[in-house]
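1. structure for this input, please:
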Amino acid sequence: MSLFGLNKQLLKELQFGEVTQMTFICDNQAALHISSNPFFHERTKHIEIDCHFIREKIISGDIKTEFVNSNDQLANIFTKPLQEPRIYYICNMLGTYGLYAPA
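-> You can find the predicted model right below:
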């Protein structure tokens with residue numbers, strides 16, 4: 001079973017319901033164009049195997065891609081050093097709360 005299949009199985013076990021299509025949200029428009037356009041990669045120097053895998057999943061309908069503005073990219077909290085106001089904004093958008101905050 002592929003990693004994609006394992007992710008779908010995990011979501012099912014966590015009772016998210018039947019997942020038929022996953023959405024990848026990305027703030028890089030060039031990456032979205034490369035992944036969805038089979039002819040665009042001819043002009044790029046290095047295309048990794050995972051790009052071909054993602055393109056295959058987009059064509060089959062297993063994955064849908066969407067663009068999100070960099071300011072609204074929630075994954076940044078896991079990948080970039082952020083200033084305190086930005087951390088609070090993203091945590092609020094994710095629905096997380098302070099462990100030691102008064103209830």
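
2. all strands for the protein, in order.
-> Along the chain, counting by DSSP state E, strands occupy 22-26, 63-67.

3. right, and those strands - which one's nearest residue 100?
-> If you check each of those against residue 100 by C-beta to C-beta, strand 22-26 wins as the nearest, at 30.5 Å. Every residue, glycine included, has its C-beta placed from N, CA and C.

4. okay, the angle between the closest one and strand 63-67?
-> 30 degrees (axes from the mean of the first three to the mean of the last three C-alpha atoms, to 10 degrees).

5. contacts for strand 22-26?
-> The contact list for strand 22-26, computed with C-beta atoms under 8 Å, 6 or more residues apart in numbering, reads 4, 7-8, 32, 54, 62-68, 73, 75.

6. what about burial for the residues you listed, which qualify?
-> 8, 32, 54, 62, 63, 65, 73 (16 or more other C-beta atoms under 10 Å).

7. list just the nearest of these to residue 86.
-> Once C-beta to C-beta is applied, the member of these that ends up nearest residue 86 is residue 73, at 10.7 Å.
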